[in-house]
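# fold the stuff below for me.
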Amino acid sequence: MFVGNKLKINKIKSLDTRVEKQSFLKLILNNLAVAALTVIIFYLSLLITSTPIESYNQETIDRAIALLEAKGFDREVFLLRRVATFRGSDNWLNALTEKENAYAGTNFPFAIITLYPDFYTKAQDDTERAMVLLHEAQHLQSNDETGSYEYVWRNRQKLGWTLLSHGTTPTFVTVELQTRENNPYLFTCPARLWDDCTENLQARRANP
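Residues are numbered from 1 along each chain as shown. Below is the predicted model:
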């Protein structure tokens, strides 16, 4: 009789344990579902409160991405073509931040890239637009401003966006200043032109 009662107690305990595990698993799944739904709603709110890219502007974007592809930036091209969603105006989140000299902005981790008028008008050509997209593609990979400016500046020769080809354009001047502010350690080489450690051109120093 004692053995039988013990078996019943063990079965009850085992049942209670399974119920507890199932309840805990259900709680986790419910929380994950709520979190996923929240993220989806947030993402949709960013899309709803912004406008899509016009077809004629999309052609400009496609040319800039094609240029990146021709220059060998395969990872960035994949992200820009397959992952990113381009928008033509600010969503409600971007509208909360004041912008100056902005060509584009990226909402990470939602992979939404907003392109502003300067991207089409202030950028001199498709090479400069490709440079802007190269910068934003770094944000798609979770890089901050410091890392994104450094990556673009170090790879400008590969892109074909150089001091010789674009050094006098407003975009080049602006990005150089912003790169100096974000990455001062790149400009500590007196033997290079403008003290730029990434510049291939040598500085010409006057003899004392």
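
# now the residue nearest the centre of the chain: closest residue in space, sequence neighbours ignored.
Residue closest to the average C-alpha location in the chain (C-alpha atoms, centre = their mean): His139, at 2.0 Å. Distances taken as C-beta to C-beta, 6 or more residues apart in numbering place Thr106 nearest to His139, at 3.8 Å, with adjacent residues excluded. For every residue, glycine as well, the C-beta is placed using N, CA and C.

# secondary structure class for the one you found?
strand (DSSP: H, G, I helix; E, B strand; the rest coil).

# was I right about it contacting Gln141?
No - under the criterion of C-beta atoms under 8 Å, Thr106 is not in contact with Gln141, lying 10.1 Å apart.

# more neighbours: those two, which one.
Thr106 (20 against 14; other C-beta atoms under 10 Å).

# bridging residues for that one?
Here Thr106 sits in beta bridges with Ile113, as judged by DSSP bridges.

# ok, it - contacts?
112-114, 136, 139-140 (C-beta atoms under 8 Å, 6 or more residues apart in numbering).

# could you dump those residues into TSV with pLDDT added?
Output for the contacts of Thr106, formatted as TSV (pLDDT from 0 to 100):
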residue	pLDDT
Ile112	98
Ile113	98
Thr114	97
Glu136	98
His139	98
Leu140	97
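
# looking at these, which two lie furthest apart in space?
Greatest spatial distance among the contacts of Thr106 (C-beta to C-beta): Thr114 and Leu140, at 12.9 Å.

# more neighbours: which of these two?
Neighbours were counted for Thr114 and for Leu140 using other C-beta under 10 Å; Thr114 has more, 26 against 22.

# surely the more buried one touches Ala95?
No - judged on C-beta under 8 Å, Thr114 makes no contact with Ala95 at a distance of 10.2 Å.

# following the helix or strand containing Arg63, which helix or strand comes up?
Per DSSP states H and E: Arg63 is located in helix 55-70. Note on helix 55-70: by DSSP H and E, the next helix or strand toward the C-terminus is helix 74-78.
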